[in-house]
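Engineer: Dropping a prediction and its sequence here:
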Amino acid sequence: MARIDLVDLAHSYGGNDAAPESFALKPVTMTWRQGGAYALLGPSGCGKTTLLNLISGIVTPSRGKILFDGADITPLSTQKRNIAQVFQFPVIYDTMTVGQNLAFPLQNRGVPKSEVEARVRQIADLLDLTFYLDRKATRLTADAKQKISLGRGLVRSDVAAVLFDEPLTVIDPELKWQLRSKLKALHRELDLTMIYVTHDQTEALTFADTVVVMHDGRVVQSGTPAELFDKPAHTFVGYFIGSPGMNIVPAVVSGHEARIDGHIIGLHRNYGVLPAGAKIEIGVRPEFVNIAAPASGLLSAAIERIDDLGRARFARVRIGDAKFAARVPPGFSVPDDNMVGLVFDPAHVHVYADSRLVEGV
Ligand code: ATP
């Protein structure tokens, strides 16, 4: 397994002369540490597969370099990069048994027979495939076939990295839940560098130690699930991660105060120096805006509706033109006039200038 460095890496399917804004991957410099479990998360079309294909060598970058353990591998073919890949749909040999399928990537590289057998047993055990080892793959369900694909991706211990491109898309929802946690356990057990592409935040947050969030061809934040939740570096991350996502509301900010539609919210830090002319917004997660009975000193807001998500209830409220999602405490009933007070947790109110997090002092 390897440490992977991306150095000013960028790609345009329209060639290097295309307008910078049209690049499928805008320039990125970052390090993926050896043995890390990474998720590459973002909506459809944000550039996840492009970045994954650049790392695997399926796509040649328009600019920049990729280093594995410090060595420039940009000119190398996919085969020479020593990468294992698992795709959305099963890639297996139907005529072979499950065991032969798992053994194939090892035999192909001349690994001694005893080692092949031991490793196949280990992977089959980890993926609950031992019972099927002697069965022809063609007789198995689509779910089992995709498990074999996962096994083939994980069977070699000498790869620089294992890349997964939405590998659970075709899996039945119940098994998907189990496999998500299983992949996390497999990462701990096998100690491989893994990069897992998905547009599903639950999948990303369950699997990864580090989640790399992409938006419009850019890496906008790379951090632990807790960092992405507690301190989104970009308004997109706040909005995209969480359910419901972060409230992002235009505000006027000075010192320790934010004003929304003339109402004041206290801030934990001082924002005396904000870039002149920047579009300022505040971001606060619905979990940190509480609904209470109207009272002096509280912002008053009108409830538009309540969404009951089973595990929690969230109210959609309005203050002037600004709309918020706010947590509804257990047992709270909506007053006849729909008016409530809002309690903000100042430690969790963030300030953004042109969509980027501003650190207060
Ligand atoms: P999805 O989750 O839908 O697969 P993604 O985040 O993986 O999306 P990419 O597939 O990397 O995104 O696509 C990024 C951008 O590059 C999109 O605008 C897409 O239309 C474009 N694109 C992808 N592949 C090609 C290609 N072979 N030729 C031209 N444009 C492409």
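Structural biologist: Ah, there it is.
Engineer: distance of the nearest residue to residue 68 once chain neighbours are set aside from the ligand?
Structural biologist: Nearest non-adjacent residue to residue 68, counting by C-beta to C-beta, 6 or more residues apart in numbering: residue 2, 4.2 Å away. Where you see a C-beta, it was placed from the backbone N, CA and C, and this is true even at glycine. Applying C-beta to the nearest ligand atom, to the nearest Å, the value for residue 2 to the ligand is 22 Å.
Engineer: What number of residues are in the vicinity of the closest residue to the ligand within the stretch 51-200 of the chain?
Structural biologist: The ligand sits closest to residue 199 of the stretch 51-200 of the chain, with a gap of 5.2 Å, by C-beta to the nearest ligand atom. If you count neighbours by other C-beta atoms under 10 Å, residue 199 ends up with 18.
Engineer: try residue 160
Structural biologist: By other C-beta under 10 Å, 21 other residues sit near residue 160.
Engineer: got it, and residue 139?
Structural biologist: 11.
Engineer: Could you break the protein into its assigned domains?
Structural biologist: Structural domains assigned to the chain are 4-238, 244-358, following automatic domain parsing.
Engineer: deepest of those domains, which one?
Structural biologist: The highest mean neighbour count among these, using mean count of other C-beta atoms under 10 Å, belongs to domain 4-238: a mean of 18.
Engineer: mind giving me CSV with the domains of the chain and columns for mean pLDDT?
Structural biologist: Below are the domains of the chain laid out as CSV (pLDDT from 0 to 100):
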stretch, mean pLDDT
domain 4-238, 93
domain 244-358, 91
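Engineer: that older thread, tell me the contacts of the residue of the stretch 51-200 of the chain closest to the ligand?
Structural biologist: 41, 42, 43, 44, 48, 166 (C-beta atoms under 8 Å, 6 or more residues apart in numbering).
Engineer: List the neighbouring strands of the helix or strand hosting residue 350 plus their orientation.
Structural biologist: For residue 350, the host element (DSSP states H and E) is strand 349-353. Partners of strand 349-353 in the sheet, by DSSP bridges, are strand 280-284 (antiparallel), strand 356-358 (antiparallel).
Engineer: Residues in contact with it: which ones?
Structural biologist: For strand 349-353, contacts defined as C-beta under 8 Å, 6+ apart pick out 231-232, 234-235, 238, 248, 251, 253, 258, 265, 267-268, 271, 274-275, 278-284, 288, 357-358, 360.
Engineer: Surely residue 57 touches residue 75?
Structural biologist: No - counting by C-beta atoms under 8 Å, residue 57 does not reach residue 75; the two are 9.4 Å apart.
Engineer: Up against the ligand, what does this structure have?
Structural biologist: For the chain, the residues in contact with the ligand (C-beta under 6 Å from any ligand atom) are 13, 24, 42, 44, 45, 46, 47, 48, 49, 50, 199.
Engineer: In this protein, which residue is most central in space?
Structural biologist: residue 41 (3.2 Å; C-alpha atoms, centre = their mean).
Engineer: Give the closest residue to that one in space, chain neighbours not counted.
Structural biologist: residue 204 (4.1 Å).
Engineer: Equivalent analysis for residue 316, please.
Structural biologist: Nearest residue to residue 316, sequence neighbours excluded (C-beta to C-beta, 6+ apart): residue 304, at 4.6 Å.
Engineer: try residue 96
Structural biologist: Closest residue in space to residue 96, ignoring its immediate chain neighbours: residue 137 at 6.0 Å, by C-beta to C-beta, 6+ apart.
Engineer: Quick check, the one you found in contact with residue 92.
Structural biologist: Yes - using C-beta under 8 Å, residue 137 is in contact with residue 92, at 5.2 Å.
Engineer: Need the overlap of contacts for the two.
Structural biologist: Residues touching both residue 137 and residue 92 by C-beta under 8 Å, 6+ apart: 101, 145, 148.
Engineer: Off-centre distance for the helix or strand hosting the last one?
Structural biologist: Same thing as residue 148. Using DSSP H and E, residue 148 sits in helix 142-154. The chain centroid and the centroid of helix 142-154 are separated by 22 Å, computed with C-alpha atoms, centre = their mean, to the nearest Å.
Engineer: Packing partners of that helix?
Structural biologist: In terms of contacts (3 or more C-beta pairs under 8 Å, 6 or more residues apart in numbering; DSSP states H and E), helix 142-154 is packed against strand 83-86, helix 98-107, helix 113-126, strand 161-165, helix 173-190.
Engineer: That helix vs helix 98-107, what angle?
Structural biologist: 20 degrees (axes from the mean of the first three to the mean of the last three C-alpha atoms, to 10 degrees).
Engineer: Please export the C-alpha coordinates of helix 142-154 as CSV.
Structural biologist: What follows is helix 142-154, C-alpha atoms only, in CSV (Å, rounded to 0.1, in the frame of the first residue of the first chain):
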residue,chain,number,x,y,z
ALA,A,142,-26.3,-10.6,-8.0
ASP,A,143,-25.5,-9.7,-4.4
ALA,A,144,-23.2,-12.7,-4.0
LYS,A,145,-21.5,-11.9,-7.3
GLN,A,146,-20.8,-8.4,-6.1
LYS,A,147,-19.3,-9.8,-2.9
ILE,A,148,-17.0,-11.9,-5.0
SER,A,149,-16.0,-8.7,-6.9
LEU,A,150,-15.3,-7.0,-3.5
GLY,A,151,-13.2,-10.1,-2.5
ARG,A,152,-11.2,-10.0,-5.8
GLY,A,153,-10.5,-6.3,-5.1
LEU,A,154,-9.3,-7.1,-1.6
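Engineer: And for that helix, what's in contact with it?
Structural biologist: With contact meaning C-beta under 8 Å, 6+ apart, helix 142-154 is reached by 84-87, 89-92, 98, 101-102, 104-105, 123-124, 126-129, 132, 137, 140, 162, 164, 167-168, 170-172, 175, 179, 183, 186, 190, 192.
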